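A.B. asks: Attaching a predicted model along with its sequence, questions to come.
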Amino acid sequence: MANLHTKICGVEFKNPVIAASGTFGFGKEFNEIYDISVLGGISTKGLTLESRLGNPTPRIAEGHGVILNAVGLQNPGVEKFLEEDLGFLKSKNIVIIANVAGKTLEDYAGICARLDGLVDMIELNISCPNVKCGGMAFGIRPESVEQVTRAAKGALKKTPLIVKLSPNVESIAVNALAAQKGGADCVSLINTLTGMVIDVERRRPVIANNTGGVSGAGVKPIAVRMTYEVCSAVTIPVIGMGGITCAEDALEFIIAGASAVQVGTANFTDTLAMPRIIGELDRWLDAHGISDINELRGTLKLNLSLIHI
């Protein structure tokens, strides 16, 4: 059996497979299907200072190999999370990553201060493309990425900060460097791409919000490329995600330089996706004579470019 343990910002993960925010709730429903303590960690449903109802329905649309969503950060608010969900997650002995969002710099600082020392890590959602005010505005420009990162980091004394990056930008590597400059301990990517599905009979978008975040297997090549670019640019750890459905998908991100991966949309189509991927990783490493998954990190060898004149 290979060693799947990994360490990020001093936090120990029993394996590098983390439930992505917005696809796993707070873990209770999935725990009725399998013991979620087998996971490396969970990034919670996006939390805000106050409860949010989210966007109008319909919020979900399917495409070929992808899903569009415009849920709009529906959540019970941070206080209810602390009262009703945190205790359960602590009982599962997994890394707890609180995914947080806000409309203002003060919101981000406030929710980070409230969670400081209560969770293992905080993931700053500055990139969700289906929120009309807040997140996306902070996640587009490197200057605002640095600004919101600095505000959040300034409110934290104990908990490492992950900044979740948007792919809907000119250069995700430049934004990753901005997050690092602002004090991020780690970055995660990619959040969803912005897309649209049209009902050709009605000639209207299927989603009430018109556009939504695109995720699923179809985005993986984009996510892997962006993860490689960010890993090549920053000196802080990187968590990769986007379209992971099997061990080989996860290994692509790790070979590109990621320290861990998050699995999201696959949980909708296969509720056992993550424990399956963990088992597949162990078997793949054994089959290839690799004793420690960390040996693979950042081992990508690019092909030499051939220029024909």
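C.D. replies: Okay, I see it. Quick caveat: nothing in here was measured; it's all calculated off a predicted structure.
A.B. asks: only C-alpha atoms for contact and neighbour calcs from this point on.
C.D. replies: Will do.
A.B. asks: On the strand side of things, show who V100 bridges to.
C.D. replies: L47, L124 (DSSP bridges).
A.B. asks: how about it, what does it touch?
C.D. replies: Applying C-alpha atoms under 8 Å, 6 or more residues apart in numbering to V100 gives the contacts 46-48, 108, 111-112, 122-125.
A.B. asks: Using TSV, please lay out those together with pLDDT and distance to N99.
C.D. replies: Formatted as TSV, the contacts of V100 follow (pLDDT from 0 to 100; distance: C-alpha to C-alpha, whole Å):
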residue	pLDDT	distance to N99
G46	96	5
L47	97	6
T48	95	9
Y108	94	11
I111	97	10
C112	98	10
I122	98	6
E123	98	5
L124	97	6
N125	95	6
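A.B. asks: Nearest to S259, out of these: which one, please.
C.D. replies: Nearest to S259 among these, counting by C-alpha to C-alpha, is E123 at 15.2 Å.
A.B. asks: low-confidence ranges in the stretch 1-150 of the chain?
C.D. replies: Residue ranges of the stretch 1-150 of the chain with pLDDT under 70: 128-137.
A.B. asks: For it, which segments count as strands?
C.D. replies: 6-8, 11-13, 17-19, 41-43, 60-63, 66-69, 95-100, 121-125 (DSSP state E, counting those that start in this stretch).
A.B. asks: mind putting those in CSV, distance to E248 included?
C.D. replies: As requested, those are arranged in CSV below (distance: least, C-alpha to C-alpha, whole Å):
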stretch, distance to E248
strand 6-8, 18
strand 11-13, 20
strand 17-19, 13
strand 41-43, 19
strand 60-63, 23
strand 66-69, 19
strand 95-100, 23
strand 121-125, 25
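A.B. asks: Let me know which of those strands is the nearest to I236.
C.D. replies: Short answer: strand 6-8, nearest of those by C-alpha to C-alpha, at 9.2 Å.
A.B. asks: what helices or strands is that closest one leaning on?
C.D. replies: Under the contact criterion of 3 or more C-alpha pairs under 8 Å, 6 or more residues apart in numbering; DSSP states H and E, strand 6-8 touches strand 11-13.
A.B. asks: which residues touch the strand it packs on?
C.D. replies: By C-alpha under 8 Å, 6+ apart, the residues outside strand 11-13 that reach it are 5-7, 40-41, 94-95, 120.
A.B. asks: For this structure, just list every one of the helices.
C.D. replies: Counting by DSSP state H, the chain has helices at residues 28-31, 78-84, 86-91, 105-115, 135-140, 142-154, 172-182, 220-233, 247-256, 266-269, 273-287.
A.B. asks: Quick one: residues contacting V119.
C.D. replies: With C-alpha under 8 Å, 6+ apart, V119 has these contacts: 96-98, 159.
A.B. asks: is it possible to export the residues you listed to a markdown table including neighbour count and distance to H64?
C.D. replies: Listed next are the contacts of V119 as a markdown table, based on neighbours: other C-alpha atoms under 10 Å; distance: C-alpha to C-alpha, whole Å:
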| residue | neighbour count | distance to H64 |
| --- | --- | --- |
| I96 | 22 | 32 |
| I97 | 25 | 31 |
| A98 | 29 | 31 |
| T159 | 22 | 39 |
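A.B. asks: Can you tell me which of those comes closest to E229?
C.D. replies: I97 (24.1 Å).
A.B. asks: N210 and T194 touch, don't they?
C.D. replies: No - contact criterion C-alpha atoms under 8 Å: N210 and T194 do not qualify, at 10.4 Å.
A.B. asks: Neighbour count: those two, which is higher?
C.D. replies: Between N210 and T194, T194 has the larger neighbour count (other C-alpha atoms under 10 Å), namely 19 against 16.
A.B. asks: Write down the beta-bridge partners of the more buried one, one by one.
C.D. replies: Counting by DSSP bridges, the residues bridging with T194 are G213.
A.B. asks: Isn't it up against N168?
C.D. replies: Yes - here T194 lies in contact with N168, judged by C-alpha under 8 Å, at a distance of 7.0 Å.
A.B. asks: circling back: which one of the strands of the stretch 1-150 of the chain lies nearest to N75?
C.D. replies: Judging the strands of the stretch 1-150 of the chain by C-alpha to C-alpha, what sits closest to N75 is strand 95-100, at 10.4 Å.
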